[in-house]
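Peer 1: Test case, fold it:
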Amino acid sequence: MRNNLESPIQPKVFHHIVTTGPPCFARPRRLAPDKLRVAKDEFEYMLQMGICRPSSSPWASPLHLARKKTGDWRPCGDYRRLNSQTVADRYPLPNIQDCTLALHGSSVFSKLDLERAFMHLPVHPEDVPKTAVTTPFGMFEFMKMPFGLRNASQTFQRFVDSIVRDLPFIYTYIDDWLLFSKSRAEHLRHLDIVLQRLHDHGLSINVEKCQFLQDSIDFLGYTISSKGISPMKDKVSAIESYPRPKTVAELKRFLGMINFYHRFCPHLADIQSSLHISSTKNDQRPVEWNSDMLEAFEKCKQTLSADTLLVFPDPDATLSIMCDASQTAIGGAIHQTKNDRLYPLAFFSRKLRPAELNYSTYDRELLSIHETIRHFSYILEGRTFSIYTDHRPLIYAFTKSSERMSPRQIRHLSYISQFSTDIRHVKGLENTPADALSRVDTILKSPILPTDIASAQNSDEELANLLSSNSTSLRLQRLRLDSCTLICDTSRGIIRPFVPTPLRAVIFRHFHGISHPGARATARLISERFVWPSMQKDIKHWSRHCHHCQSSKIHRHEKSPLVPFLKPNARFACIHIDVVGPLPNSNGFVYLLTCIDRFTKWIEALPMTDQMAATVATTFFNGWVSRFGTPITVVADRGRNFESSLFHQVSSLLGIEIRHTTSYHPQCNGLVERSHRSIKAALMSRLEDSRSDWYYELPIVLLGLRSVVKPDIGATPSELVYGTTLRLPGELLEKSTQNVNAPTIDYVVKLRSLFDRVRPADTNWHSSQKVFSNPALHSASHVYLRFDGVRHSLQRPYTGPYRVLRRTPKTFDILINNKRSTVSRDRLKPAFVLPDQMDQASSPTPSLPNRSPSPTPNPEPTPLPDTPALPRSTTTRSGRRVRFPSALSDFTI
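Peer 2: Presented below is the predicted three-dimensional model:
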């Protein structure tokens with residue numbers, strides 16, 4: 001079509017710029033000579049075409065040159081300051097994904113691209129001065145709508161919709177238009193109609209960018225054909241070759257690219273869960289990669305490249321949705337059934353929010369159905385469909401009484417019932433027969449063809465040396481096959497192809513990856529089928545560094561020696577606290593806050609209605625501080641109530657130092673953990689009929705615990721607190737411990753003198769503990785962390801590897817998801833990481849050990865700061881061996 005930039009627009013449409021502030025002004029930017037020449041030529045053309053004119057406006061935006069896809073430069077204004085003062089136009093732009101809704105049955109496609117689309121529309125005369133652009137060669141203002149203005153897309157879309165709103169065979173997204181028809185003849189008629197509309201409204205097209213009468217066409221990042229819609233091949237290739245991001249901003253950019261095609265990728269949110277890092281805008285922090293993140297990064301690219309084809313919605317087909325939930329994400333898929341075959345329309349998934357992570361399995365599965373229906377409601381409304389889930393209890397959701405349902409469950413089911421109540425159970429959504437057959441092909445497919453080995457043998461120097469010398473015990477012969485000739489060994493009576501150096505790691509990965517056996521079993525498995533020099537050494541090396549084996553196989557756990565707390569120097573100076581519960585409701589109480597003084601072993605068990613931080617802080621102050629004063633140190637675990645800002649603020653106001661133990665390591669707070677067993681055992685022994693009466697039995701249980709002699713201190717807690725034993729129910733005789741005629745002040749002086757002389761006793765009461773320490777852990781630069789929570793039956797027991805930042809005799813500081821975490825060394829095991837993978841923590845891909853004539857030794861791990869271990873014993877000058885006090889030695893830090 002001819003250029004119609006000077007033709008009037010019919011009907012008359014203007015672009016308005018409604019601003020809220022005073023005129024903004026900027027100085028002109030200096031340009032390189034080549035860019036300056038391009039800018040001058042472009043403005044000279046626009047002056048001739050009546051697009052712009054010289055200006056004396058008080059508004060002035062700097063000139064900016066944007067690079068086109070063709071590599072040329074497009075001069076435009078940098079309107080960021082003007083846009084910040086412009087009132088937004090809320091006219092809706094089309095949803096790109098909606099273009100498939102009307103494509104069912106179409107087989108012929110054309111794509112139109114408008115020539116200088118925005119510059120077809122005039123700017124309202126009152127707003128023309130606001131478009132002024134200052135350049136090194138003058139200032140100009142635009143009479144036609146330029147690029148870069150806020151609301152320009154909305155103005156043009158409003159104009160386009162007014163032109164083609166009555167044409168059902170065209171989809172328009174700003175200046176990109178897609179025509180679709182069921183036959184070639186019909187398509188030619190549609191083209192005539194659209195081109196005539198363009199002519200009538202003064203619009204022109206860029207013929208070079210247009211495509212006509214195509215069976216398959218690329219449009220807005222997708223490839224559209226009569227079979228369905230899929231991601232563009234070059235876009236997928238760009239993502240497949242995307243390098244591993246180095247900064248958080250680059251990682252977020254990669255996730256944005258992947259999420260553009262999220263509806264083609266099932267379970268994408270679950271796959272991406274380990275890649276989400278909290279960040280700010282343009283966060284340039286380096287990404288600390290671990291094996292889980294690396295695996296998720298590669299799996300994202302593999303999922304996108306799986307050639308998933310989504311069909312177009314057919315109004316006559318039967319619909320169904322399949323929903324599933326994991327620990328970190330929910331997802332679903334919508335399918336349509338035609339000719340007894342299931343075709344996917346789209347996939348949906350999203351990450352669980354922090355509160356949703358605490359949902360039960362039933363609630364997460366119900367949430368996945370609710371969110372899937374909400375996401376696809378524009379397709380499901382008014383249609384009959386079935387809901388498939390692998391969580392069997394959900395099929396009875398609409399038949400059981402709502403009295404036992406939570407308000408959230410009632411809301412979700414009420415919304416679902418507006419669309420469908422047909423919930424069906426399917427066993428293993430991921431294990432459909434078609435998927436199982438595809439997995440068999442993936443698992444059993446050989447990683448190397450005979451032609452690959454033959455080609456590598458021809459250029460392998462090591463093999464050439466073996467063939468030319470007689471120093472090898474191998475009997476090498478040539479074996480002719482249909483496609484190639486292989487050099488094989490027959491010294492064992494079986495034919496074993498010789499594997500050149502580049503292919504040995506691939507052979508190992510394939511056979512070791514079948515079931516991940518040990519090094520010996522893997523060596524036997526491979527040596528019966530292939531041969532190469534130093535095979536045993538290579539396989540042992542690779543097996544030891546296999547990430548999957550290290551994170552999945554449980555060997556002997558690390559068991560470090562117990563390190564006792566430092567002895568307290570005063571009563572009530574250091575106490576240990578913890579929460580017990582939930583217990584059966586008794587008089588409104590379901591939790592206990594247990595507090596124990598490390599010096600006297602005095603115990604308090606304070607009932608609580610809940611374990612919120614405010615309740616814990618109030619109970620601690622009222623039940624302990626008000627009676628025994630403010631302690632110097634409080635030892636607590638890493639529960640949310642003890643790590644809350646409220647509890648720390650209260651402790652800071654009272655002058656208390658909070659020491660948190662490491663997670664999943666109750667031995668750190670063994671004093672209070674052991675008291676829980678005593679309290680529960682005593683309560684269970686006293687309770688006969690109703691378990692809910694423990695509140696009334698608790699005081700007598702505490703009286704008994706405070707009156708029992710503690711073997712490690714040789715006294716009762718009450719004696720160290722009150723200076724005497726407590727009188728118990730059932731005692732017949734009264735104990736007389738002082739002269740009744742003596743002054744009270746004398747008794748007080750004696751008590752003070754007694755307490756001043758009381759010190760923690762050194763005893764050998766506690767039994768010795770078996771110790772096991774892996775020597776490699778002392779110098780390991782990376783470690784695996786044992787997961788001690790509730791695991792699924794096939795969940796790996798170890799995560800990592802993680803980089804070690806600092807180590808002490810009892811704890812390690814490691815880097816987990818770019819955060820420093822302190823964990824007990826008893827939960828760790830050394831990670832064997834190959835030297836070339838040291839920067840990326842770990843990778844399951846093995847590499848060959850160095851066999852050059854002058855081998856370079858593996859680099860030593862970066863030295864890490866160590867804290868000296870506490871001495872277990874010392875020797876005096878007389879030669880007598882003095883052991884470190886073992887009192888309280890079952891409590892570690």
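Peer 1: Okay, now the unreliable bits of the stretch 201-350 of the chain?
Peer 2: 235, 238, 261-263, 278-282, 304-308 (pLDDT under 70).
Peer 1: Please list all residues in contact with the spatially closest residue to T131 that is not a sequence neighbour.
Peer 2: Residue nearest to T131 in three dimensions, not counting chain neighbours: F142, with 4.2 Å by Cβ to Cβ, 6 or more residues apart in numbering. (Glycine included, C-beta is placed from N, CA and C.) By Cβ atoms under 8 Å, 6 or more residues apart in numbering, the contact set of F142 is I51, C52, V123, V128, T131, V133.
Peer 1: rerun that using 7 Å as the cut-off
Peer 2: Counting by Cβ atoms under 7 Å, 6 or more residues apart in numbering, F142 touches I51, C52, V123, V128, T131.
Peer 1: Run a quick neighbour tally on the second one.
Peer 2: For C52, the number of neighbouring residues by other Cβ atoms under 10 Å comes to 22.
Peer 1: just checking, it touches F140?
Peer 2: Yes. Assessed by Cβ atoms under 7 Å, C52 is found in contact with F140 at 4.6 Å.
Peer 1: Give the residues shared as contacts by the two.
Peer 2: Contacts common to C52 and F140, judged by Cβ under 7 Å, 6+ apart, are F43.
Peer 1: so P500 touches N458, yeah?
Peer 2: No. Using Cβ under 7 Å, P500 is not in contact with N458, being 9.0 Å away.
Peer 1: Between those two, tell me which one has more neighbours.
Peer 2: A direct count of neighbours by other Cβ under 10 Å for P500 and N458 places P500 higher, at 21 against 13.
Peer 1: What residues does that one make contact with?
Peer 2: Here P500 is in contact with A456, Q457, D460, L463 (criterion: Cβ under 7 Å, 6+ apart).
Peer 1: what two of these are the furthest from one another?
Peer 2: A456 and L463 (8.9 Å; Cβ to Cβ).
Peer 1: Over to the nearest residue to K680 once chain neighbours are set aside: give its phi and psi.
Peer 2: Nearest residue to K680 in three dimensions, chain neighbours excluded: V580, at 7.6 Å (Cβ to Cβ, 6+ apart). Dihedral pair for V580: phi -110, psi 140, per degrees, to the nearest 10.
Peer 1: just to revisit the earlier point, which ones among the contacts of F142 map onto strands?
Peer 2: Residues of these located in strands (DSSP state E): C52.
Peer 1: Let's have the contacts of F142 in CSV, adding distance to R383.
Peer 2: Converted to CSV, these look like this (distance: Cβ to Cβ, whole Å):
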residue, distance to R383
I51, 49
C52, 52
V123, 45
V128, 50
T131, 48
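Peer 1: Out of the contacts of F142, which one has the lowest pLDDT?
Peer 2: Across the contacts of F142, the member with the lowest pLDDT is I51, scoring 88.
Peer 1: helices and strands of the chain: which one bottoms out on pLDDT?
Peer 2: In the chain, no helix or strand scores lower on mean pLDDT, DSSP states H and E than helix 433-444, which sits at a mean of 37.
Peer 1: which of the residues in the strand or helix carrying A505 are buried?
Peer 2: Under the criterion of DSSP states H and E, A505 resides in helix 501-515. Using 16 or more other Cβ atoms under 10 Å as the burial criterion, the residues of helix 501-515 that qualify are T501, L503, R504, A505, I507, F508, F511, H512.
Peer 1: pLDDT of it, averaged?
Peer 2: 81.
Peer 1: which helices and strands sit right next to it?
Peer 2: helix 450-458, helix 519-527, helix 535-544 (3 or more Cβ pairs under 7 Å, 6 or more residues apart in numbering; DSSP states H and E).
Peer 1: tilt between it and helix 535-544?
Peer 2: Here the directions of helix 501-515 and helix 535-544 differ by 50 degrees (axes from the mean of the first three to the mean of the last three Cα atoms, to 10 degrees).
Peer 1: Now do helix 501-515 and helix 450-458, the angle between them.
Peer 2: Using the same axes, to 10 degrees: helix 501-515 against helix 450-458 is 140 degrees.
Peer 1: Now do helix 501-515: distance to the chain's middle.
Peer 2: Distance of helix 501-515 from the chain centroid (Cα atoms, centre = their mean, to the nearest Å) equals 30 Å.
Peer 1: Who are the contact partners of E604?
Peer 2: C595, G623, W624.
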